[in-house]
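Undergrad: No sequence on hand, only this structure:
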């Protein structure tokens, strides 16, 4: 997108400016209106087609299988929000969306991996999740198509865990925000102005030349989050990293749903309607340009297909029917969300670094971020363990269930 496609905002001052209008910009914007924020809100989105944003390239799944309680609680609220979205949003036109609960199947091939799964299951069960810790024999009995010869144990949950329609959730966040008075503008932020003390962002400079005054700035720029933070003089450990998705048909279809299987190799696979879906990171998982969506078919041939055929022998005869490349907004410190205000630039708010957890966490984290902006504190889930302070201290948030 080039500058002639951009448009200026209607006003020269806003109480809240959100940089990025995809899932997180729209979630926070909607929650602000829903929770009664009395102020002007502007969402700045460089690509209003959303064709190249992370939201458009997600696999749109939700899980409660985390090792840290707050991550479990975040996804539990996400599952409730999705399935009762009409009530949450208070609009009879909003659909309630099903979750296709084939569940995640985490597999362990070593005793250490199995012990981690056991410990995570205890945390999840204490939160009310339906996760079962299973022996290899129990996995084979439930899903005979697996090859479990090299598997020791696994965790599986068939309650509120699987695929959901994240695109529709995003659409309704955006529609609801606009209906609540939020202004969306096609433009790009090129600079931020700070006060003399460096403690507040006072203005946002746009590609079209306007400088817009602001009360609060929210960094919702996804894989571009570090660029935005740098404009305020803040180093942020978030970078775009490629994730590859492959859709394939099987000559011999399985006789039941394929759970979202997390193979010890790092390849994951699941049912996808009449087809199946698989994905993985590249072996060389380096940062890329935010506009780099180039495919790499060698990953399918050399990495993914061999794992599929090994884990599910019926997948020896399969045909690739579609593929795409998306980006994780990858937090290089600990692969978890970076939230809250900056400790020095106090009106600069982070919703960044989700590292693949973004869509499922958007309802709870959008709500929490709006609470922080309105009240200066969380009123629902306590999300302070995700705050930027830990980044400055180099103290990672411990979450063992990272994909």
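TA: Yep, that arrived. Because the structure is a prediction, the values reported are computed rather than measured.
Undergrad: how many other residues sit next to residue 395?
TA: 11 (other CB atoms under 10 Å). Where C-beta positions appear, they are placed from N, C-alpha and C, glycine not excepted.
Undergrad: how close does it get to residue 185?
TA: Distance from residue 395 to residue 185, counting by CB to CB, to the nearest Å: 37 Å.
Undergrad: Same question for residue 13.
TA: Distance from residue 13 to residue 185, by CB to CB: 14 Å.
Undergrad: Which one's more surrounded, the two?
TA: Just comparing residue 13 and residue 185: by other CB under 10 Å the higher neighbour count belongs to residue 185, 20 against 13.
Undergrad: Surely the more buried one and residue 41 touch.
TA: No - taking contacts as CB atoms under 8 Å, residue 185 lies outside contact range of residue 41: 11.4 Å.
Undergrad: Can you list the buried residues in stretch 304-314?
TA: Using 16 or more other CB atoms under 10 Å as the test for burial, stretch 304-314 gives 304, 305, 307, 308, 310, 311, 312, 314.
Undergrad: Actually, stretch 313-327.
TA: For stretch 313-327, by 16+ other CB under 10 Å, it's 314, 315, 318, 323, 325, 326, 327.
Undergrad: again with stretch 73-83
TA: 73, 74, 75, 76, 77, 78, 79, 81, 82, 83.
Undergrad: got the contact list for the last one?
TA: Same thing as residue 83. Remark: with contacts taken as CB atoms under 8 Å, 6 or more residues apart in numbering, residue 83 is in contact with 96, 97, 98, 99, 160.
Undergrad: tell me the contacts of the first one?
TA: Going back to what we said before, that points to residue 96. Applying CB under 8 Å, 6+ apart, the residues contacting residue 96 are 83, 84, 85, 86.
Undergrad: And the helices in the stretch 151-300 of the chain?
TA: Remark: helices assigned in the stretch 151-300 of the chain by DSSP state H, counting those that start in this stretch are 166-179, 225-231, 297-299.
Undergrad: looking at the ones you listed, which has the lowest confidence?
TA: Sorting these by mean pLDDT places helix 297-299 lowest, at a mean of 93.
Undergrad: List the buried residues in that one.
TA: Buried, per 16+ other CB under 10 Å, within helix 297-299: residue 299.
Undergrad: try stretch 372-386
TA: Buried residues in stretch 372-386, counting neighbours by 16+ other CB under 10 Å, are found at 372, 373, 374, 378, 381, 383, 385, 386.
Undergrad: gap between the residue lying closest to residue 345 once chain neighbours are set aside and residue 219?
TA: Leaving aside its sequence neighbours, residue 345 sits nearest to residue 232 (CB to CB, 6 or more residues apart in numbering; 5.4 Å). As for residue 232, its distance to residue 219 is 9 Å (criterion: CB to CB).
Undergrad: shared neighbours of the two, which are they?
TA: Joint contacts of residue 232 and residue 219 (CB under 8 Å, 6+ apart) are residue 348.
Undergrad: okay, those two: which has more neighbours?
TA: Shown here are residue 232 and residue 219; by other CB under 10 Å, residue 219 has more neighbours (30 against 21).
Undergrad: Without its sequence neighbours, what residue ends up closest to that one?
TA: residue 228 (4.9 Å).
Undergrad: picking up where we left off before, what sits against the residue nearest to residue 345?
TA: Here residue 232 is in contact with 192, 194, 201, 217, 342, 345, 348 (CB under 8 Å, 6+ apart).
Undergrad: which residues does the fourth one form a beta bridge with?
TA: This means residue 217. Beta-bridge partners of residue 217, counted by DSSP bridges, are residue 17, residue 348.
Undergrad: Pull out the buried positions in the longest helix anywhere in the chain.
TA: Identified as the longest helix of the chain according to DSSP state H is helix 358-375. Neighbour-count burial for helix 358-375, counted by 16+ other CB under 10 Å, picks out 358-374.
Undergrad: Contacts for stretch 276-294 next, please.
TA: With contact meaning CB under 8 Å, 6+ apart, stretch 276-294 is reached by 52, 57, 59, 223-224, 227, 239-250, 258, 265-271, 296, 299, 303-304, 308, 315, 318, 324-327, 330.
Undergrad: Which among those count as buried?
TA: 52, 57, 59, 223-224, 227, 239-248, 250, 258, 267-271, 299, 303-304, 308, 315, 318, 325-327, 330.
Undergrad: residue contacts, the closest residue in space to residue 10 that isn't next to it in sequence?
TA: Once flanking residues are discounted, residue 10 sits nearest to residue 183: 6.1 Å by CB to CB, 6+ apart. Residue 183 makes contact with 9, 10, 11, 14, 40, 41, 42, 43, according to CB under 8 Å, 6+ apart.
Undergrad: Which secondary structure element is home to residue 98?
TA: For residue 98, there is no host helix or strand (DSSP states H and E).
Undergrad: so it touches residue 164, yeah?
TA: Yes - between residue 98 and residue 164 there is a contact under CB under 8 Å: 7.4 Å.
Undergrad: Comparing those two, which residue is more hemmed in?
TA: residue 164 (24 against 12).
Undergrad: separation between the residue of the chain most remote from its centre and residue 13?
TA: Here the chain reaches farthest from its C-alpha mean at residue 196, the gap being 35.4 Å by CA atoms, centre = their mean. As judged by CB to CB, residue 196 and residue 13 stand 19 Å apart.
Undergrad: do residue 390 as well
TA: 33 Å.
Undergrad: can you check residue 39 too?
TA: 10 Å.
Undergrad: cool, and residue 399?
TA: Taken as CB to CB, the span from residue 399 to residue 13 is 39 Å.
Undergrad: can you check residue 234 too?
TA: Distance, residue 234 to residue 13, using CB to CB: 23 Å.
Undergrad: Which strand residues bridge the residue nearest to residue 269 when sequence neighbours are not counted?
TA: Take residue 269 and drop its neighbours on the chain: the residue closest to it by CB to CB, 6+ apart is residue 278, 4.3 Å away. Legend: beta-bridge partners of residue 278 under DSSP bridges are residue 246, residue 269.
Undergrad: Thank you kindly, that will do.
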